[in-house]
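> Provided below for reference: sequence and predicted model.
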Amino acid sequence: MPDPILILIGTQTGNSERVADDVADALAEVGHTSLLVDMADAVPEMLEETDRLITVLCTWAEGTFPDNAVEFYDSLVALAPDLSHLAYGTIGLGDHLYDPYFLTAAYRLEDRLDTLGATRALPIFEIDKGPSAEDLDGAQAWALRCAEAFERVRTKMG
Ligand SMILES: Cc1cc2nc3c(=O)[nH]c(=O)nc-3n(C[C@H](O)[C@H](O)[C@H](O)COP(=O)(O)O)c2cc1C
């Protein structure tokens, strides 16, 4: 049984958790197990122990991280682990009402993971003002593509 896909959730009001739950369900239907972790309970060492990561993260208050993600992000910056073994994908939740801060936290996290050597398996999946039923379907379809992309990255890395 392969290791589960780690799904980290950064949320202020629960939308991201809802999306993450649906993503985990979609992955389970095609045989992938996943481990859902609230970012408040996440530590950078978890990223050293997995090679597949999906983050589901909202942006809050003019471009900042939701409260439950602040400490995780700060410790990722401070500890700067080598993530060259890690493939990841991001689902960002936000609202264009807050332009120019739309999805800023999700983009910042992606930049950080890139800086630490991780490989972006797929471009970010963006949810604006959602999640609508269509957004949830889209996130599930994106997650299946992301799982396939993880396999391609794995093959490339050998
Ligand atoms: C007070 C407040 C501030 C927000 N700030 C931003 C922001 O700066 N950028 C953005 O893209 N979305 C922003 N949003 C929109 C949220 O990211 C969006 O509602 C998201 O679905 C919340 O996800 P969550 O329920 O997982 O916390 C904000 C929403 C609220 C209520």
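Thanks, I have it.
> spell out which parts of the protein neighbour the ligand.
For the chain, the contact set with the ligand under C-beta under 6 Å from any ligand atom comprises 11-16, 58-63, 66, 93-95, 98, 101-104. Placement of C-beta: from N, CA and C, glycine included.
> any of these buried? List them.
Neighbour-count burial within these applies to 11-12, 15-16, 58-60, 63, 66, 93-94, 101-104; the criterion is 16 or more other C-beta atoms under 10 Å.
> what sits against the closest residue to the ligand within the chain?
Closest approach between the chain and the ligand, counting by C-beta to the nearest ligand atom: residue 94, at 2.2 Å. Residue 94 is in contact with 58, 59, 101, 102, 103, 104, 106, 126, 127, 128, counting by C-beta atoms under 8 Å, 6 or more residues apart in numbering.
> farthest pair within those?
Farthest pair in these (C-beta to C-beta) is 101 and 127. Separation: 15.1 Å.
> hang on, the earlier thing: what about the residues of the chain next to the ligand, which are in strands?
58, 93, 94 (DSSP state E).
> who are the contact partners of the residue lying closest to residue 95 once chain neighbours are set aside?
Leaving out its chain neighbours, the residue that sits closest to residue 95 by C-beta to C-beta, 6 or more residues apart in numbering is residue 129, at 5.0 Å. Shown in contact with residue 129 (C-beta under 8 Å, 6+ apart): 95, 96, 97.
> longest helix of this structure?
Across the chain, the longest stretch assigned as helix under DSSP state H is helix 133-157.
> any idea how far that one is from the chain center?
11 Å (C-alpha atoms, centre = their mean, to the nearest Å).
> can you give me the buried ones in it?
Quick answer for helix 133-157 (16+ other C-beta under 10 Å): 135-136, 138-140, 142-143, 146-147, 149-150, 153-154.
> rebuild the residues you listed as JSON lines, extending it with distance to residue 28 and pLDDT.
Listed next are those as JSON lines, based on distance: C-beta to C-beta, whole Å; pLDDT from 0 to 100:
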{"residue": "135", "distance to residue 28": "20", "pLDDT": "98"}
{"residue": "136", "distance to residue 28": "15", "pLDDT": "98"}
{"residue": "138", "distance to residue 28": "18", "pLDDT": "98"}
{"residue": "139", "distance to residue 28": "14", "pLDDT": "98"}
{"residue": "140", "distance to residue 28": "11", "pLDDT": "98"}
{"residue": "142", "distance to residue 28": "16", "pLDDT": "98"}
{"residue": "143", "distance to residue 28": "10", "pLDDT": "98"}
{"residue": "146", "distance to residue 28": "14", "pLDDT": "98"}
{"residue": "147", "distance to residue 28": "11", "pLDDT": "97"}
{"residue": "149", "distance to residue 28": "18", "pLDDT": "97"}
{"residue": "150", "distance to residue 28": "15", "pLDDT": "97"}
{"residue": "153", "distance to residue 28": "21", "pLDDT": "90"}
{"residue": "154", "distance to residue 28": "20", "pLDDT": "84"}
